[in-house]
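[1] Kindly return the folded structure for what I paste below:
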Amino acid sequence: MAEAGCEILLDLTAQAQMLGGPILRAWYWYRIVRRLRRAIRDLRPDIHVPVDSPALNWHLAKAARKAGAKVVYYIAPQVWAWAAWRVKKLARLTDHVACILPFEQRYLRDRGVEATYVGHPLFDDMPPAPETPADLLDAWSEGAWRVALLQGSRPGEIKGHTPALLAVANEIRRRWPQATCTFTARTQACADLIRQIVRDADVPVEVGRTRDVLAESHFAVCVSGTVTLEAAHFGVPMVIFYRASRLGYTLVARWFIHAKLLALVNILAGRPIVPELMPWFGNTRPLIRAVMEEMADLGGLVETRGRLKKVVRPLLPTSSETAADRAARLVCDTLDGTSISI
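    Purely as a prediction, here's the structure:
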């Protein structure tokens, strides 16, 4: 957005946290919200487009409403997963919601929210999956596995997940000496942080090649998030986990999270098709056990590959118009006060 000419008031990405993490830094976020509220009051925007992150964006959407702006929420808050009472707040604070998961449109409309499915932006520029995917039979029979290790891109995610992924990689290579495990990093800064943590361990780190690595992989161990949809697109069986603060989860998150499934691929499937360890508090033993059990089951791996590709098929674009194009058109239609043309 900065490259496109947007004025950046604050870059919050380095401090982003999930589950109960923000509770432990409540004062920091309180000051940030006050600062952004003042900015909205001074700017008096015609339209406000909050993206994801309801914990922050509820406050900003309310401030935008007070300033007379229309509000189009892009990437709907996951009210269907936890704290479902928030759907009333979503209806009150928005003029329209642009959804990125197919079932969200009906869910929100049934509850009084103006909502439109625009498609998933992850697939706007997703390359096609290889016609001949990595051979699971060869990997299983010969032990020549290629395993992708996906720890996330935020500093907190890298620090919280990389040691566990290294432990998984060590166990895989102990059992299958021919196996290759590869970390992927979004930027060079991410790669540098990963290398600081793994030190002299013989595990390669690929920068900016997550999709290439996944396209060549037989298996993946990854944090929860959109990267699981990338893995599913390439038909890569996986184990999903995400580290949580035990204190934050115990005090707050466990009272509001009612969904039985938290991983996107399992939510879209409507049942657990890959193991998910969430919340995960840092014990590597159950993670390693889940990975080894999945990799040992050839029939299960083949079935999972097919199920994953089926799950993401509805998210693939059906025309040259991207999810970003449709979301932008929805914003313009709302700003003009015309009927939504999507």
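[2] got the CA coordinates for the one helix or strand P286 maps to in PDB?
    Mapping P286 onto the secondary structure by DSSP states H and E places it in helix 284-296. Included here for helix 284-296 are C-alpha records, laid out as PDB according to Å, rounded to 0.1, in the frame of the first residue of the first chain:
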ATOM      1  CA  THR A 284       6.900 -30.600  20.900                       C
ATOM      2  CA  ARG A 285       6.100 -34.200  21.800                       C
ATOM      3  CA  PRO A 286       2.400 -34.200  20.600                       C
ATOM      4  CA  LEU A 287       3.400 -32.200  17.500                       C
ATOM      5  CA  ILE A 288       6.200 -34.700  16.600                       C
ATOM      6  CA  ARG A 289       3.800 -37.600  17.300                       C
ATOM      7  CA  ALA A 290       1.100 -36.200  15.000                       C
ATOM      8  CA  VAL A 291       3.600 -35.500  12.200                       C
ATOM      9  CA  MET A 292       5.100 -39.000  12.400                       C
ATOM     10  CA  GLU A 293       1.700 -40.700  12.500                       C
ATOM     11  CA  GLU A 294       0.500 -38.800   9.400                       C
ATOM     12  CA  MET A 295       3.700 -39.500   7.400                       C
ATOM     13  CA  ALA A 296       3.600 -43.200   8.200                       C
END
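[3] Which strands or helices does that helix pack on?
    Judged by 3 or more Cβ pairs under 8 Å, 6 or more residues apart in numbering; DSSP states H and E, helix 284-296 is in contact with helix 155-175, strand 219-223, strand 238-243, strand 276-280, helix 298-312. C-beta here means a position set from N, CA and C on the backbone, and glycine is covered the same way.
[4] Next SSE downstream of the first one?
    Proceeding C-terminally, helix 155-175 gives way to strand 180-185 as the next helix or strand, assigned by DSSP H and E.
[5] for the second one, same thing?
    With elements assigned by DSSP H and E, the helix or strand that comes after strand 219-223 is helix 227-233.
[6] Helix, strand, or coil at V87?
    For V87, the secondary-structure state derived from DSSP: H, G, I helix; E, B strand; the rest coil is helix.
[7] since we're on it, how many residues are nearby?
    Around V87 sit 19 other residues, with neighbours defined as other Cβ atoms under 10 Å.
[8] now do G225
    Applying the criterion other Cβ under 10 Å, we find 17 residues in the vicinity of G225.
[9] Also the one 10 residues further on?
    Applying other Cβ under 10 Å, we find 23 residues neighbouring G235.
[10] cool, H233 as well?
    Using other Cβ under 10 Å, H233 has 24 other residues around it.
[11] what do you get for D212?
    The number of residues near D212, taken as other Cβ under 10 Å, comes to 13.
[12] same check, this time on W85
    Residues near W85, counting by other Cβ under 10 Å, number 8.
[13] and what of P45?
    14.
[14] for it, helix, strand, or coil?
    Taking three-state DSSP as the rule, one finds P45 in the coil state.
[15] Now do the closest residue to it other than its chain neighbours against A290, distance only.
    With sequence-adjacent residues excluded and distances taken as Cβ to Cβ, 6 or more residues apart in numbering, P45 is closest to A69, at 4.7 Å. Distance of A69 to A290, given as Cβ to Cβ, to the nearest Å: 46 Å.
[16] swap in R199?
    Taking Cβ to Cβ as the measure, R199 and A290 are separated by 26 Å.
[17] Pick out whichever of these two has more residues nearby.
    A290 (19 against 7).
[18] list the contacts for the more buried one?
    Shown here is A290, whose contacts under the criterion Cβ atoms under 8 Å, 6 or more residues apart in numbering are 239, 275, 277.
[19] can I get the residues you listed in TSV with distance to M126?
    Written out in TSV, the entries for these read as follows (distance: Cβ to Cβ, whole Å):
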residue	distance to M126
V239	22
P275	24
L277	26
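[20] out of the residues you listed, who has the most neighbours?
    V239 (23 neighbours).
[21] Which residues are in contact with that one?
    220-222, 274-277, 287, 290-291, 294.
[22] need those in a markdown table with distance to A98 and pLDDT, can you?
    Putting those into a markdown table (distance: Cβ to Cβ, whole Å; pLDDT from 0 to 100) gives the following:
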| residue | distance to A98 | pLDDT |
| --- | --- | --- |
| A220 | 29 | 98 |
| V221 | 32 | 98 |
| C222 | 26 | 97 |
| V274 | 28 | 98 |
| P275 | 31 | 98 |
| E276 | 26 | 97 |
| L277 | 31 | 95 |
| L287 | 35 | 98 |
| A290 | 35 | 98 |
| V291 | 36 | 98 |
| E294 | 35 | 98 |
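[23] just for the stretch 151-300 of the chain, where's the confidence low?
    Along the stretch 151-300 of the chain, the model assigns pLDDT under 70 to residues 245-259.
[24] State the distance from K66 to L60.
    Taken as Cβ to Cβ, the spacing of K66 relative to L60 amounts to 11 Å.
[25] do G160 as well
    With the distance defined as Cβ to Cβ, G160 ends up 27 Å from L60.
[26] Please give me every residue in contact with the residue most central in space within the chain.
    By Cα atoms, centre = their mean, the chain has its centre lying nearest to G225, at 2.3 Å. In this structure, G225 makes contact with 152, 242, 264, judged by Cβ under 8 Å, 6+ apart.
[27] closest to A84 among those residues?
    Each of the contacts of G225 was checked against A84 using Cβ to Cβ; the closest is L264, at 18.1 Å.
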